[in-house]
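okay, here's the prediction I keep looking at, along with the sequence it came from:
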Amino acid sequence: MGAKYTKRSEDYSKWYNELIERADLAEHSDVRGCMVIKPYGYAIWEKIKEVLDAKFKETGHDNAYFPLFIPKSYLSKEAEHVEGFAKECAVVTHYRLKNSDNGEVVVDPEAKLEEELIVRPTSETIIWNSFKSWVQSYRDLPLKINQWANVVRWEMRTRLFLRTAEFLWQEGHTAHATKQEAIEEAEQMLHIYADVLEQYMAIPVVRGLKTASERFAGAEETYCIEALMQDGKALQAGTSHFLGQNFAKAFDVKFADKDGALEHVWATSWGVSTRLIGGLLMTHSDDEGLVLPPKLAPIQVAIVPIYKNEDQLNAISEKVAILKKNLSEKGISVKFDDDDNRRPGWKFAEYEAKGVPVRVAIGPRDLENEKAEVARRDTKEKEIVDWSTVDQYIVDLLDEIQENLLTKASDFTQENTTEVNSYDEFKKVLEEKGGFISAHWDGSEETEQKIKEETKATIRCIPLNRKQEAGNCVYSGNPSEGRVLFAKAY
RNA sequence: CGGGAUGUAGCUUAGUUCGGUUAAAGUGCUCGUCUGGGGGGCGAGAGAUCGGAGGUUCAAAUCCUCUCAUCCCGACCA
């Protein structure tokens, strides 16, 4: 019988790890904290990339590429920024190896770099060093650059996709003539992220602002999207920063306005990473494996033939070829799995584990009746469908699955967002129910810190759409102008 | 960087307490065969210098010393 896997209800993080292994998304590398993204996992990342990249270009951004290595001196130009990242930077100190006397490869002590290089944890500094020479006039603005890259942050504790020492991401960096324009850019990108998560990944998010303590090092304001995972913990899925003139001043990036006056430019940066895949997994997947929204599934339809001999397989293959062609013409990716080494039952389980949204089974019985069995991954329902209408049925079903996943996840987020009005209630809900807790907060860092220490819950964000509502802080009783969202987070 | 644990076949593990034939099993892999509508049955086969180095002993996966690596728990984080 089937292999036994951990259920979500038994041990959520074990389930998560097994899910990734089962679906063949990624594996641990021998390098501590690093992962190997396997083809199926990478295919999902490529889908995400494709969607985002198109949106970036639509909104006037150009891709470019900056070096992996950053001179140490650059990092120290913006004081807060260094402080934020210093503890997790990998440093290159030498540029050569040699053979030692006993035949081992060792670092050549002679080959010490004069200035050490930092492996980028993010690229603000090296990019702003370039921007300095790219920007002279208001005619050069706005400057809107994006790069797809890997970055390294030497994390203590890592988890596949959610937090790894090296990860893939995109980082946008823009320069603007006015503060207002920069803020609008940061907000625009936040909304693009939110739309992509909701419309493509079927992950509902809360759009908000970070508190000062959770803000990006070097930013004036950090916008974020927060999503709620099945186990009631929050995941920061993307951030967008208004950087003010901090980097412009640190790197002396000035432009001449129409009157010839020199001013520092205003900046933003924004990014999402392979962490999104972790969020995708923890939003939709179940005990049988991955559940992928059709818009991101590398394989949208898997067709499994059931046959006893070659004649039957040939007859099935002939029919399937037509279906496959019809679906492909509609932009649907189809895999016909006629691998004779695996039996149908094995394939069913396999495509479930991989989260393929729709599975079609066709055997001798169906051939005779002019039918096919169509199964949907999200609800695991099966339907016997007339062969003549099966292609339209699948097209509609894919849309329905996409919609259903978002609805289900939205309902979950709503049901697990709880308003509380006292600290006792706060602790009780956090303990028993989890999820987002919407509570009044007095705006002070001390209160935020105390709550974090006592409950491990942090302020995930100040929702952008929160209503102005006078109230009293659940912790201190001091006046508050509105509710913020607390949660335990990944 | 503190506290705890583990390294044995591709993977998961048994064996280590108390040293003793040819290191065992499940799974995966290869071949054959019967099969095929929910992770198949039977038969055969390949696959391990027991993390590494040194030591004790007639004899080491097992005991000792050192070393390397990984995992878990804490402080840090997209």
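Looks like it came in fine.

residues in contact with stretch A:98-117?
A:69-73, A:91-97 (CB atoms under 8 Å, 6 or more residues apart in numbering). Yep, even glycine has a C-beta here, placed from its N, CA and C like the rest.

OK, contacts around the most centrally placed residue in chain A?
With distances taken as CA atoms, centre = their mean, the residue of chain A nearest its centroid is A:L276 (1.5 Å). Applying CB under 8 Å, 6+ apart, we find A:L276 in contact with A:48, A:197, A:201, A:237-238.

which bits of the stretch 251-400 of chain A sit near RNA strand B?
A:273-275, A:288-289, A:306-309, A:340, A:343-346, A:348-350, A:352-353, A:359, A:361-367, A:373, A:375, A:380, A:382 (CB under 7 Å from any atom of the strand).

for the residue of the stretch 201-350 of chain A found nearest RNA strand B, grab the count of nearby residues.
The stretch 201-350 of chain A approaches RNA strand B most closely through A:G345 (2.6 Å), counting by CB to the nearest atom of the strand. By the criterion of other CB atoms under 10 Å, A:G345 has 12 neighbours.

can you tell me how far it is from A:K47?
Here the criterion is CB to CB, to the nearest Å. By it, A:G345 lies 28 Å from A:K47.

for A:K433, what are phi and psi?
The phi and psi values for A:K433, taken as degrees, to the nearest 10, are phi -120, psi -40.

so it touches A:T417, yeah?
No. The pair A:K433 and A:T417 does not pass the contact test of CB atoms under 8 Å, sitting 10.2 Å apart.

what touches both of the two?
By CB under 8 Å, 6+ apart, no residue touches both A:K433 and A:T417.

which one's more surrounded, those two?
A:T417 (15 against 12).

give me the nearest residue to that one, chain neighbours excluded.
Among residues not flanking A:T417 along the chain, A:F436 sits closest, at 4.2 Å (CB to CB, 6 or more residues apart in numbering).

list the contacts of that neighbour.
A:206, A:226, A:228, A:234, A:413, A:416-418, A:460, A:485-487.

ChimeraX command for the buried members of those residues?
Applying 16 or more other CB atoms under 10 Å to the contacts of A:F436 leaves a buried subset, and the ChimeraX line that selects it is:
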select /A:206,226,228,234,413,416,418,460,485,486,487
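
among the contacts of A:F436, which lie within helices?
Under the assignment DSSP state H, the contacts of A:F436 contribute A:T413 to helices.

so A:T268, which of the three states?
strand (DSSP: H, G, I helix; E, B strand; the rest coil).

can you give me the pLDDT of the nearest residue to A:E221 once chain neighbours are set aside?
Of all residues not flanking A:E221 in the chain, A:F242 sits nearest, at 4.3 Å (CB to CB, 6+ apart). Listed pLDDT for A:F242 reads 97.

and A:F242, what element?
If you go by DSSP states H and E, A:F242 is part of strand A:234-244.

which one of the contacts of A:L276 sits closest to A:Q180?
Closest approach between the contacts of A:L276 and A:Q180, by CB to CB: A:G238, at 22.4 Å.

ok, the closest one to A:E116 distance?
Distance from A:G238 to A:E116, by CB to CB: 31 Å.

re the thing from before, next up, phi/psi of the residue nearest to A:T417, please.
According to degrees, to the nearest 10, A:F436 has phi -80, psi 140.

now it: how far from A:N17?
Counting by CB to CB - A:F436 and A:N17 are separated by 25 Å.
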